[in-house]
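>>> One predicted model, sequence on top.
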Amino acid sequence: MRGRIIAVVGLLVAVLLVGRLVDRNQGNAIKVGDGETTVGLPVAGRDVDVYFYAADLEVREPIQLVQVVPRVADDGLKFVEARVYRRDAFPGGAYMSWTAGNPSAGDPTGVASVPVDGYRLSGDPGDRVILFKVRVTSVERPLKVSGLRITYRNGFRQHTQYVNANYEIR
């Protein structure tokens, strides 16, 4: 009996140790540049949906996205969702920002997309575009989103990294 307990405990310790070793260098899988992006957009009124281009997310190793959300958003902006699009689905490329009701080839509402949650990200961002949508709920201006919080799974744990990208509605 004592031998079985020791074997089970030893196996448990080995599994935890292997998990820790596999996961020890995680939490920095996304290559976050030193630069800072600022995207501005004039929007009249309220109850308007606005799409913004999330920063290109290049990864050091494959990860599974969980969430892409604003780090800080002013009152008057309500985060709606973030989705992944194929870059080639936008003739001429995806816009840095787009306002609902603005007819154009860059209209993300007419383009197939998938939710961010569960999306496997690997390598260079050349074939995909991540857009996040906010709803303007105020007539106050300017309204700002400061940074993005990227949550992902890699290894046995969930990790969070921040991207210094700023968005402004004027």
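Structure's in. What do you need?

>>> So which residues of the protein form helices?
Remark: helices assigned in the chain by DSSP state H are 2-23.

>>> Without its sequence neighbours, what residue ends up closest to the residue sitting nearest the centre point of the chain?
Residue closest to the average C-alpha location in the chain (CA atoms, centre = their mean): V68, at 2.8 Å. Closest residue to V68 apart from its sequence neighbours, by CB to CB, 6 or more residues apart in numbering: A82 at 4.0 Å. For every residue, glycine as well, the C-beta is placed using N, CA and C.

>>> Surely the one you found and S113 touch.
No. The pair A82 / S113 is not scored as a contact, 9.7 Å apart, by CB atoms under 8 Å.

>>> Who has more neighbours out of these two?
Taking neighbours as other CB atoms under 10 Å, A82 and S113 compare with A82 leading, 24 against 18.

>>> need the contact list for the more buried one.
Counting by CB atoms under 8 Å, 6 or more residues apart in numbering, A82 touches A54, Q67, V68, V69, V116, I130, L131, F132, K133.

>>> Can you give me the distance of it to I130?
Distance of A82 to I130, computed by CB to CB, to the nearest Å: 6 Å.
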